[in-house]
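S.K.: Can you look at this prediction? I've put the sequence above it.
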2 protein chains.
Amino acid sequence: MHEKVQQAVSPAVERYTVTGLEQQDRDLVVHWGDGHTSRFNALWLRDNCSSGGDKLSAIRSFSLADVDPALSIADARLTSAGDIEIIWTPEAHQSTFSATWLRAHCYEPASRQARKRRPRRWNRAERQDNWPSVDFGDVRTSRAGHLALLETVADHGFALVNNVPATAEGTEELASYIAYIRETDFGRIFDIVSEPNVWDLSQSDQPLHPHTDDPYRYSPPGISMLHCLQASESEGGTSQIVDGFAVCEALRRQDPAAFDLLAATPMPFVRYREDPVPQGADVHLRAMAPIIKLDRDGEVCGFRFHERSIAPLDMAPEVMDSVYHALIKLATLVYSEEFMVNRHLAPGQAIVFDNQRVLHGRTGFEGLTQRRHLRICTTDRDQFHSRLRLLLSREGREGTHFEFPNGAV
Amino acid sequence: MHEKVQQAVSPAVERYTVTGLEQQDRDLVVHWGDGHTSRFNALWLRDNCSSGGDKLSAIRSFSLADVDPALSIADARLTSAGDIEIIWTPEAHQSTFSATWLRAHCYEPASRQARKRRPRRWNRAERQDNWPSVDFGDVRTSRAGHLALLETVADHGFALVNNVPATAEGTEELASYIAYIRETDFGRIFDIVSEPNVWDLSQSDQPLHPHTDDPYRYSPPGISMLHCLQASESEGGTSQIVDGFAVCEALRRQDPAAFDLLAATPMPFVRYREDPVPQGADVHLRAMAPIIKLDRDGEVCGFRFHERSIAPLDMAPEVMDSVYHALIKLATLVYSEEFMVNRHLAPGQAIVFDNQRVLHGRTGFEGLTQRRHLRICTTDRDQFHSRLRLLLSREGREGTHFEFPNGAV
């Protein structure tokens, strides 16, 4: 008999059906048809009463400064429509909550965990011959193709994009599918071409260890793209990428104390450049931030590491030796074969990557006799995740409430 | 006799004169002419050897991954020029450090504290009739005037700028003295004009509680400017500003537990907007970050608070009630007369402010019959501090090594 009832009611309906209400202390406890229980705080309920205005658009009149902290629930009942009505005391006010809205915003630990969209980590063995890739034609012509690009970058931290026009305009067009280009002292888009007089090592033909760009900014570049216009003809100039989150987890397993130290210790980063032009691109940027950024649950949500950009360390003398040993361990992992994935980009190919997670580097090449031309630009991660949420919603997919990793800030 | 020697040697020279060297464990202890002692870690010294390249430009070849962690100092001696020479073991390498460079990078606690440039906090009693202000003519025509604007904003969190052209171009020109304008879904520059159909409450004639802009971005706006083109003719539409850092310190004194909770608890912020235009300015932005951001010493270095932008709270059930009580305390302080400074901006006046510290709001006005026109735009804080460091250096002022508050990221 019980089984038959279960079959007749769809799981989605059960999930949003209130089967019981209880007042416990100043909280409201809600029992749901799928067996889940939620406890809602009285002030939380009052704050979220729709009479105060809309939290999404911020067109609201309600303010916590006007709330009596002694506010409590006088009565709570289930309406015939399945909504929950609350009568307040001492304030003469009544609130109605839809059961669906309440369940979607339940803040029990399991519900909060379920809203997290977790990265899929990778190493060389898993990814070298298995690059997640999309065709730029699909991105341009269909919402599903556009969503596929964004979702791939969000989950794997990078995507290979094929058939991007190998022109300067191609970089702009690719970026337009990600978010607003962020202008910095490198300009809106930076041309990586080997030159005789370099002010940035990327302009040389030297190999570059994998790194995240610009850790010396308070908020480093977010979703970046490396777009190939012309490849070097020799074996060199191969692009390398490394999953910083996978490296962090390896460090956490191999040396938990080193991991904890790098997550707890703000690291100083610096960038200085003179420019003869007044009001030009000269900079003296400094930022202090941990290499490993953890979220509230202790999960890695951001990474910033560019060994050449670390300023002379200025932390407490008693931790200096441990910090150096942790940095040596980390650098050794970052540069190891175990995590490094590489590809000789062809003209019209681009790598779109999360610069607060994935490191990029390259092998050396013969720059004096050969021209190699990549373009790089960057956009903000929050706008990228915003667009991903909107596309998920328009494609009828779940996930508009997803919490993505907050990044290295 | 001792006194005479003291008079003959200038304090600056003593400060950079090495009077003794000792090897202790694996560290090098340096005694200075002014009585200060520095302890330098062996790996720190090897990492900072100039043979590895330049840390400021990041044009370097040295990598910690190549260092033997057992590296130690075989011998250290003072040269006749007053420099320090180190011979390493087991690596066959020699390093030379200038005494001046070493002292400038000493990381003893007192030296690190001295490099911090601390904000000057204020409340209504101190600032209402005493606004730090600069004339835009001085900013345009002299480096000292430009520096005065930047230094005022860095120290006080805001500056009133007079005689900015009351035109659209005036906003662009003012921003050009700060840093690169950051484009968002509000555009490069946003016109605050009251309109009948608002999608943002700033477009209404409603009063706005003091807030920092856009806490729902991973990295909120940095140095922002409110530029007045046309004032409302009535009493209303008065701009209000509040020093968030002063509010935080008041909260810390009055309710340390509430302060600690708001510094430790990531707060969810949200912004949703539909735009009928495809690829338009529609957004669904979400970020999780504490309202109060502390630096490594527990000092407040950033603030993000916009009550209307707080998403339904989703922290652990057991802290929910305490978080609400802390939010009520904070909101009450932020909106109180004690901290609020106000001014009816005239056309051609602008407030430049640090949006990761100073809140802004306004009183209501009669928008249906009167036109009030402000423009707002924002730039990144790191570029702002970079330019400040460069100007200090060019004006022969100390401070290129200053550590400014890192902000709300």
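M.R.: Okay, I see it. Numbers count the residues shown, from 1 in each chain, chains lettered A, B, ... in the order given.

S.K.: so where is chain A shaky, pLDDT-wise?
M.R.: Low-confidence segments of chain A (pLDDT under 70): A:1-9, A:276-280, A:367-370.

S.K.: rerun that using 80 as the cut-off
M.R.: For chain A, the stretches with pLDDT under 80 are A:1-11, A:194-200, A:203-204, A:233-235, A:275-281, A:365-371, A:399-400.

S.K.: Could you list the domains of it?
M.R.: A:2-114, A:124-394 (automatic domain parsing).

S.K.: Now do the helices in the stretch 101-250 of chain A.
M.R.: Secondary structure of the stretch 101-250 of chain A (DSSP state H, counting those that start in this stretch): helices at A:109-114, A:124-127, A:136-141, A:143-156, A:168-176, A:244-254.

S.K.: nearest to B:Arg60, of the domains of chain A?
M.R.: With C-beta to C-beta as the measure, domain A:124-394 is the member of those nearest B:Arg60 (4.7 Å). All C-beta atoms are positioned from the backbone trio N, CA, C, and that covers glycine.

S.K.: Just say which of the domains of chain A is most tucked in.
M.R.: domain A:124-394 (a mean of 20; mean count of other C-beta atoms under 10 Å in any protein chain shown).

S.K.: interface residues of the stretch 301-409 of chain A facing chain B?
M.R.: The stretch 301-409 of chain A has residues A:306-317, A:320-321, A:324-325, A:327-328, A:331-332, A:334-335, A:380-383, A:385-386, A:389-390, A:393, A:400, A:403-404, A:406-407, A:409 near chain B, with proximity defined as C-beta under 8 Å from any C-beta of the partner chain.

S.K.: Could you tell me which of the residues you listed belong to helices?
M.R.: Of the positions in these, A:317, A:320-321, A:324-325, A:327-328, A:331-332, A:334, A:381-383, A:385-386, A:389-390, A:393 sit in helices, assigned by DSSP state H.

S.K.: for chain B, what are the nearby residues on the stretch 51-200 of chain A?
M.R.: Counting by C-beta under 8 Å from any C-beta, the stretch 51-200 of chain A sits next to chain B at A:53, A:55-60, A:63-65, A:67, A:69, A:105, A:107-109, A:112, A:115, A:176, A:180-185, A:198-200.

S.K.: Looking at these, which are in strands?
M.R.: Counting by DSSP state E, those place A:53, A:59-60 in strands.

S.K.: Closest one of those to B:Thr96?
M.R.: Out of these, the member with the shortest distance to B:Thr96 (by C-beta to C-beta) is A:Arg60, at 63.2 Å.

S.K.: And that closest one, how far from B:Ile310?
M.R.: 10 Å (C-beta to C-beta, to the nearest Å).

S.K.: can you check A:Val283 too?
M.R.: 35 Å.

S.K.: And A:Asn162, by the same measure?
M.R.: 42 Å.

S.K.: which residues touch the residue nearest in space to the middle of chain A?
M.R.: Chain A has A:Pro405 as the residue nearest its centroid, 4.1 Å off, counting by C-alpha atoms, centre = their mean. By C-beta atoms under 8 Å, 6 or more residues apart in numbering or on different chains, the contact set of A:Pro405 is A:119, A:295, A:299-302, A:356-357.
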